[in-house]
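**Student:** structure, please.
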Amino acid sequence: MTAVPLATKAGVRRRASTGSLTGTGALLRLALRRDRIVIPVWVLVLGGSFSSVGKSISSLYETPSQRAELAASMNANSSVRAMYGPVFGDSVGGLVSWRMLAFGAALAAVMSLVVVVRHTREEEEAGRQEMLSSAVVGRRAPLTAALLAALIANAGLALVITVGMAGSGAGGAGAVALAAAVAGVGVLFACTAAITAQFTESGRLAKGVTAAVVGAAFVLKAAGDSATDDGSSLLTWLSPLGWAENVRPYADERWWVLLLIAGAVVVQCLAAYALTGRRDVGMSFLAARPGPARGRMSTARGLAIRLQRGALMGWAVSFAVVGFVFGGLAGGAADLVGHNEKAREIFERMGGQSGLTDAFLASMVSVLGTVAALYIAASVLRLHGEETAGRAEPVLAGAVGRLRWAGGHLLIAFGGAALIMVVGGLGLAAGYGHALPAVLGACLVQLPAVWLLGGITALLHGAIPKAAPASWGVVGLCLALGWIGPALDLPQPVLDASPFTHLPKLPGAGMEWGPVTLLTALSAVLVAAALAALRRRDLVT
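**Tutor:** All right, here's what the predicted structure looks like:
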């Protein structure tokens with residue numbers, strides 16, 4: 001009979017005596033230390049936007065009659081209800097809740113899924129969890145630490161929202177209900193991500209699947225809200241975002257709806273804990289199917305297309321749907337803004353100066369452009385993920401140069417950005433009903449700014465790979481300046497920090513080739529510098 005080493009026997013005895021939650025505190029401290037920048041930025045920016053919108057609404061609609069008129073007009077428009085939900089109260093707090101609750105809850109869900117997947121599936125994928133599990137760490141400790149980190153992040157978000165709303169003059173029970181609804185949805189989708197991480201083999205897929213669930217929840221809520229103006233549709237109640245909406249902050253709060261969110265959290269947590277106890281570290285319930293490298297897969301570019309085609313298709317479909325919805329709103333842009341001159345000024349600052357409808361279309365095109373920056377950053381960072389996960393080294397060990405390998409991924413990133421903008425432009429023109437050449441041209445004009453952010457991401461990966469994830473901060477800053485900056489009346493030099501500010505505001509304004517050419521040239525220079533730096537440095541392991 002083969003002898004068992006004493007060290008192995010000791011390890012077995014130690015594991016047998018280790019509780020399933022042993023080491024949770026140490027792993028939680030590690031997770032919070034690793035996210036000491038990411039979580040505070042999410043919490044402060046997202047939480048602070050609620051109070052910022054409250055101040056903007058107070059300045060735009062100064063009297064109760066103006067706010068009541070706004071609430072009535074928004075509830076009468078099914079397209080607006082689909083985007084933001086019905087208005088349950090015409091106070092400043094009620095309007096902030098209408099404008100921010102659905103999007104804020106969805107962003108809280110994104111924050112939570114990123115935190116949970118990062119400290120569960122991504123740790124296993126990189127091999128770090130196996131190393132940690134060799135110490136005195138219980139089987140369910142990593143999952144518990146990840147969920148606690150997400151819970152802390154959402155608690156901080158709730159605190160910032162509550163304090164911010166109170167500071168803007170809309171405190172009280174409504175502020176607490178608003179904060180609880182947003183944070184509750186964040187915690188709920190943290191548990192969804194915990195379940196998804198048990199079924200997928202990669203962190204990227206876990207994030208994608210959970211994000212798709214968030215998107216489906218938003219679609220259900222939008223479909224239900226477009227049908228009714230009181231949140232009573234069955235489709236609305238099938239969505240966690242619809243639950244948050246029906247808490248009705250600042251409008252006779254329905255506290256009992258929070259029990260639905262809490263119940264869903266408990267059920268999903270139990271499912272996640274049951275699943276994690278039934279699989280080995282690094283394994284998943286749905287294993288990826290291996291396949292032969294034939295046809296396009298025989299080249300580095302074909303491999304890049306195979307790896308990123310699913311994400312690209314998802315982005316393209318999303319842009320088509322969102323563009324169509326935005327186009328449907330364009331015809332009623334004047335009705336949405338009414339006679340409020342300050343609101344007109346905001347739309348004109350966001351989207352040009354040649355008529356309110358053109359300004360609205362231009363602002364929606366700008367939104368599509370800034371969101372496309374998220375796609376190009378994620379697509380370029382696939383290079384970083386392939387390298388840090390050790391999958392790039394086997395590819396480069398063959399007859400594949402670094403430039404060919406990186407070029408395949410960059411082609412998908414930059415070409416894919418152009419594709420989704422074209423699809424978004426087609427959807428916007430279809431929803432609007434006409435002006436296809438003008439709208440499509442306006443969407444294409446956004447590409448130089450999108451490409452510039454892609455070039456910055458590529459340069460960070462090529463020259464300073466450890467700083468590559470910081471590109472998300474650059475993109476996030478541009479999103480904040482584009483979406484919130486005009487409403488807050490920020491100084492022009494601050495708005496100029498975003499490359500999107502320098503583009504011509506089409507349709508409506510005159511075409512300016514200077515900024516477009518300059519941004520395109522800068523993008524090419526950044527990509528060339530990134531490839532040169534990648535060629536000279538060692539691979540990250």
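**Student:** for the rest of this, base every contact and every neighbour count on C-alpha atoms.
**Tutor:** Fine.
**Student:** following the one helix or strand in the chain whose mean pLDDT sits lowest, which helix or strand shows up next?
**Tutor:** Within the chain, no helix or strand scores below helix 6-17, which has a mean of 42 by mean pLDDT, DSSP states H and E. Per DSSP states H and E, the first helix or strand lying C-terminal to helix 6-17 is helix 24-34.
**Student:** and for that next one, what's in contact with it?
**Tutor:** For helix 24-34, the external contacting residues (C-alpha atoms under 8 Å, 6 or more residues apart in numbering) are His119, Val137, Gly138, Ala141, Pro142, Thr144, Ala145, Ala146, Leu148, Ala149.
**Student:** now that helix: how far from the chain's centre is it?
**Tutor:** How far helix 24-34 lies from its chain's middle: 24 Å, per C-alpha atoms, centre = their mean, to the nearest Å.
**Student:** show me what counts as buried in it.
**Tutor:** Thr24, Leu27, Leu28, Ala31, Leu32 (16 or more other C-alpha atoms under 10 Å).
**Student:** now it: mean pLDDT?
**Tutor:** Helix 24-34 shows a mean pLDDT of 87 in the predicted model.
**Student:** with only the CA atoms kept, save it in CSV.
**Tutor:** C-alpha atoms of helix 24-34 as CSV (Å, rounded to 0.1, in the frame of the first residue of the first chain):
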residue,chain,number,x,y,z
THR,A,24,-13.4,35.2,5.5
GLY,A,25,-12.1,38.3,7.4
ALA,A,26,-8.7,38.1,5.9
LEU,A,27,-10.1,37.7,2.4
LEU,A,28,-12.5,40.6,2.9
ARG,A,29,-9.6,42.8,4.0
LEU,A,30,-7.7,41.7,0.9
ALA,A,31,-10.6,42.4,-1.4
LEU,A,32,-11.2,45.9,0.1
ARG,A,33,-7.6,46.7,-0.2
ARG,A,34,-7.5,45.7,-3.8
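**Student:** which strands or helices does the helix or strand following it pack on?
**Tutor:** Toward the C-terminal end, the helix or strand that comes next after helix 24-34 (DSSP H and E) is helix 38-60. Packing contacts for helix 38-60, counted by 3 or more C-alpha pairs under 8 Å, 6 or more residues apart in numbering; DSSP states H and E, involve helix 92-118, helix 141-167.
**Student:** show me what secondary structure element comes after helix 38-60.
**Tutor:** For helix 38-60, the following helix or strand on the C-terminal side (DSSP H and E) is helix 64-75.
**Student:** which parts of that next one are buried?
**Tutor:** Arg67, Ala68, Leu70, Ala71, Ser73, Met74, Asn75.
**Student:** how about the contacts made by the first one?
**Tutor:** If you count contacts by C-alpha under 8 Å, 6+ apart, Arg67 has them with Tyr61, Asp90, Ser91, Val92.
**Student:** could I get the residues you listed as JSON lines with neighbour count and pLDDT?
**Tutor:** Shown next, in JSON lines, are the contacts of Arg67 (neighbours: other C-alpha atoms under 10 Å; pLDDT from 0 to 100):
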{"residue": "Tyr61", "neighbour count": "18", "pLDDT": "81"}
{"residue": "Asp90", "neighbour count": "21", "pLDDT": "84"}
{"residue": "Ser91", "neighbour count": "19", "pLDDT": "88"}
{"residue": "Val92", "neighbour count": "25", "pLDDT": "88"}
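**Student:** now render those residues as TSV, adding distance to Trp243.
**Tutor:** Formatted as TSV, the contacts of Arg67 follow (distance: C-alpha to C-alpha, whole Å):
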residue	distance to Trp243
Tyr61	28
Asp90	20
Ser91	21
Val92	21
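**Student:** just those residues now: which is nearest Val380?
**Tutor:** Val92 (41.1 Å; C-alpha to C-alpha).
**Student:** now do Asn77, the pLDDT please.
**Tutor:** On the pLDDT scale, Asn77 is placed at 70.
**Student:** cool, Arg391 as well?
**Tutor:** 79.
**Student:** how near is it to Val540?
**Tutor:** 11 Å (C-alpha to C-alpha, to the nearest Å).
**Student:** do the same with Arg34
**Tutor:** Counting by C-alpha to C-alpha - Arg34 and Val540 are separated by 19 Å.
**Student:** which positions within stretch 268-277 qualify as buried?
**Tutor:** Using 16+ other C-alpha under 10 Å as the test for burial, stretch 268-277 gives Gln268, Cys269, Ala272, Tyr273, Leu275, Thr276.
**Student:** who touches it?
**Tutor:** The contact list for stretch 268-277 (C-alpha under 8 Å, 6+ apart) reads Arg139, Arg140, Leu143, Leu188, Cys191, Thr192, Ala194, Ile195, Gln198.
**Student:** change it to 6 Å
**Tutor:** Cys191, Ala194, Ile195 (C-alpha atoms under 6 Å, 6 or more residues apart in numbering).
**Student:** one more: stretch 248-258?
**Tutor:** Outside stretch 248-258, the residues that reach it (C-alpha under 6 Å, 6+ apart) are Phe88, Gly89, Gly94, Gly174, Ala177, Leu178, Val247.
**Student:** distance from it to the middle of the chain?
**Tutor:** 27 Å.
**Student:** wait, which of the contacts of stretch 268-277 is closest to Ser226?
**Tutor:** Cys191 (28.5 Å).
**Student:** find the centremost residue of the chain, please.
**Tutor:** Val110 (5.4 Å; C-alpha atoms, centre = their mean).
**Student:** where's the nearest residue to that residue once chain neighbours are set aside relative to Gly25, distance?
**Tutor:** Using C-alpha to C-alpha, 6 or more residues apart in numbering and skipping residues adjacent in sequence, the residue nearest Val110 is Ala211, 6.9 Å away. Separation of Ala211 from Gly25 (C-alpha to C-alpha) stands at 28 Å.
**Student:** do Gly327 as well
**Tutor:** Gly327 is 50 Å from Gly25, where distance means C-alpha to C-alpha.
**Student:** got it, and Leu419?
**Tutor:** The value you get for Leu419 to Gly25, if C-alpha to C-alpha is used, is 46 Å.
**Student:** now for Arg391 and Val540: what residues contact both?
**Tutor:** With C-alpha under 6 Å, 6+ apart as the test, Arg391 and Val540 reach no residue in common.
**Student:** could you check how far stretch 186-194 is from the centre of its chain?
**Tutor:** The chain centroid and the centroid of stretch 186-194 are separated by 14 Å under C-alpha atoms, centre = their mean.
**Student:** tell me the pLDDT at Arg296?
**Tutor:** For Arg296, the predicted pLDDT is 52.
**Student:** could you do the one 4 residues further on as well?
**Tutor:** As summarised for this prediction, Ala300 has a pLDDT of 76.
**Student:** need the nearest residue in space to it, chain neighbours excluded.
**Tutor:** Ala300's closest residue in space is Trp405 (C-alpha to C-alpha, 6+ apart), at 5.3 Å.
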